[in-house]
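K.L.:
kindly generate the corresponding structure for this input.
(one chain, ligands or ions: 1)
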Amino acid sequence: MGTTEQGTTGRGGISVDGVTRSFGTVQAVRGMTFEAPPGAVTALIGPNGSGKTTLLLMLASLLAPDSGSMRIDGADPLQDPVAVRRSVGWMPDTLGVWDSLTATEILVTMGKLYGMVPDAAAQRAGELLAEVRLSDFADKPARVFSRGQQQRLSLARALIQDPAVLLLDEPASGLDPGSRVELRLLLRRLAAAGKTILVSSHVLSELDEMADRAVFVSGGQTVKTQSLDDVGTQLRWYAVSARDTGALLRALEAQGLAAAVGEGTRRSHVRVQLGGEEQAAEVLRYLVESGVGVYAFAPASGALEETYMSLEGEKP
Ligand SMILES: Nc1ncnc2c1ncn2[C@@H]1O[C@H](COP(=O)(O)OP(=O)(O)OP(=O)(O)O)[C@@H](O)[C@H]1O
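P.N.:
Take a look at the predicted model:
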C-alpha cells in the first residue's frame, strides 16, 4: 500500500465513527470517533477500563459493535471480515493459545492460514524471528517463553502476512528496556513504509517518542485527539533547578511568571508554566544571564502525560 492518506471512506488507514458496544449493562464503548491515517503511529490512551481493548477487538473484526461504523484499510469489519483480517495484524495484550507449538510452528501455521505456501511461510517466520531477536528460540515451545519473549513472538505473529494495518494492545508490557527501544524503532520503520499503526499503551513517555498523534479515551468515549507536531507551542510545565532556589523563584517572579517549589522528586526544583519552546528559550537565557546558577531546565513531564493529567483534572 502507498503512503498517501486517502480520506475517511476510501482505502488506507482506520476510520471510526460513533462506535458503541455494551456487555450486558456495562457500556464499554459509548461513542468513539477518530481517524488513524496510514504512514503514522497513532496512540490510543485512556485509563483502565476506558474501552481501548474493546475497540481494538472490534477493529480486528473479533467483536461486533452495537452501532456506529468503522473502516480499516477501506473495508468494514462487519461486512467484510475476511478483507479486514487480511489487512490487519493484531497483537493482543497476551499471546494466547498454542502453548505446545514452537515459535516457528506458530508463525508457519499463521502464515499458511493467510494462504502462504509452506516454504514462503517458513522463510517469513525465520525473518520475523530474527527481527524480534528470537532466532535462538525458534524451536522452543511457546510455553517456556518469558513474558517479554511471548510479547516479541506475538509481535512477529501480528506481522506474518505483512499487514497494512497494525493494532497493538500494550505491546511494550513485559519488554525489557532494550526490547522497548527496538519495538519503537520497528514501529517507526513500519510507519515510514506506509503502514497504519494504532497502539494502546499506558507508558506515555514511550508514546511521546513513538507516536505522531494521540487519541485520548475516557469512559468509553473519545475525549481529545492531539498531534505531536504541536508540542513545541503547547502550554507546558517546566521543572527548573538552580544552586539558589530562592534567587531562582525571585528571578521568575520578576518576569511575571507564576512559579512554585515543586514536590514529589528527590532533587529540589521549581515549577513554572511556559507557553511553548520559544518562551522556554527566552526564560532560560534570562535565568542564565541573571546568575542564579541554573543546572537543570526541562519539561516537567512528557507532552502526552501533561495532556492526560489535564484531562483527568477536568473530570467532574
Ligand atoms: N467480555 C466482557 N464482558 C463484560 N464486561 C466487559 C467485557 N470486556 C470488557 N468489559 C468491560 O468493559 C469496560 C472496558 O474494558 P476494556 O478492556 O475495553 O478497557 P481498557 O481500556 O482496555 O482497559 P485497560 O487499560 O485496563 O486494559 C470495562 O469496564 C470492562 O470491565
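K.L.:
surely P37 touches L198?
P.N.:
No: using CB atoms under 8 Å, P37 is not in contact with L198, being 10.4 Å away. Glycine gets a C-beta too; all of them are placed from N, C-alpha and C.
K.L.:
the two - which one has more neighbours?
P.N.:
Higher neighbour count among P37 and L198: L198, with 28 against 19, using other CB atoms under 10 Å.
K.L.:
that one contacts P163, doesn't it?
P.N.:
No: judged on CB under 8 Å, L198 makes no contact with P163 at a distance of 11.8 Å.
K.L.:
list the contacts for L153?
P.N.:
95, 103, 106-107, 132, 134, 142, 145 (CB atoms under 8 Å, 6 or more residues apart in numbering).
K.L.:
quick check: mean pLDDT of the host helix or strand of it?
P.N.:
Per DSSP states H and E, L153 falls inside helix 147-158. Averaged over helix 147-158, pLDDT sits at 91.
K.L.:
buried residues, that helix. List them.
P.N.:
Buried residues in helix 147-158, counted by 16 or more other CB atoms under 10 Å: 148-158.
K.L.:
now do the buried residues in the lengthiest helix in the chain.
P.N.:
Looking across the chain with DSSP state H, the single longest helix is helix 177-192. For helix 177-192, a neighbour-count test (16+ other CB under 10 Å) marks 179-180, 182-184, 187-188, 190-191 as buried.
K.L.:
strands of the stretch 1-150 of the chain, start to end?
P.N.:
14-23, 26-36, 40-45, 67-72, 88-91 (DSSP state E, counting those that start in this stretch).
K.L.:
so which of these is the most surrounded?
P.N.:
Comparing the strands of the stretch 1-150 of the chain by mean neighbour count (mean count of other CB atoms under 10 Å), strand 40-45 ranks first with a mean of 25.
K.L.:
hey, C-alpha coordinates of that strand in CSV?
P.N.:
Included here for strand 40-45 are C-alpha records, laid out as CSV according to Å, rounded to 0.1, in the frame of the first residue of the first chain:
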residue,chain,number,x,y,z
ALA,A,40,1.7,7.3,11.1
VAL,A,41,1.7,5.8,14.6
THR,A,42,-1.5,6.8,16.4
ALA,A,43,-1.6,6.2,20.2
LEU,A,44,-4.8,5.1,22.0
ILE,A,45,-4.6,6.4,25.5
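K.L.:
mean confidence score for that strand?
P.N.:
Model confidence over strand 40-45 averages 97 on the pLDDT scale.
K.L.:
parallel or antiparallel, list what pairs with it.
P.N.:
The strands beside strand 40-45 in its sheet (DSSP bridges) come out as strand 196-200 (parallel), strand 213-218 (parallel).
K.L.:
all helices of the stretch 1-150 of the chain, in order?
P.N.:
Counting by DSSP state H, counting those that start in this stretch, one finds helices in the stretch 1-150 of the chain at the ranges 52-59, 81-87, 103-113, 118-131, 147-158.
K.L.:
right, is the first one up against the ligand?
P.N.:
Which is helix 52-59. Yes: judged by CB under 6 Å from any ligand atom, helix 52-59 and the ligand are in contact via 52-54.
K.L.:
okay, the strands paired with strand 40-45, which one's buried deepest?
P.N.:
Neighbour counts (mean count of other CB under 10 Å) averaged over each of those peak at strand 196-200, with a mean of 26.
K.L.:
distance between that one and the chain's centre?
P.N.:
6 Å (CA atoms, centre = their mean, to the nearest Å).
K.L.:
after it, next one along is what?
P.N.:
helix 204-210.
K.L.:
is that next one positioned near the ligand?
P.N.:
No: against the ligand, helix 204-210 shows no contacts by CB under 6 Å from any ligand atom, the least distance being 12.7 Å.
K.L.:
which helices and strands does that helix pack with?
P.N.:
Packing partners of helix 204-210 (3 or more CB pairs under 8 Å, 6 or more residues apart in numbering; DSSP states H and E): strand 40-45, helix 177-192, helix 303-314.
K.L.:
only the buried residues of it, if you could.
P.N.:
Judged by neighbour count (16+ other CB under 10 Å), helix 204-210 contains these buried residues: 204, 206-208, 210.
K.L.:
follow-up on the earlier one: just the contacts of L153 now: which is nearest the ligand?
P.N.:
Each of these was checked against the ligand using CB to the nearest ligand atom; the closest is L95, at 15.9 Å.
K.L.:
contacting residues around the residue lying closest to Q273 once chain neighbours are set aside?
P.N.:
Take Q273 and drop its neighbours on the chain: the residue closest to it by CB to CB, 6 or more residues apart in numbering is W237, 5.4 Å away. For W237, the contact set (CB under 8 Å, 6+ apart) comprises 271-274, 299-301, 306.
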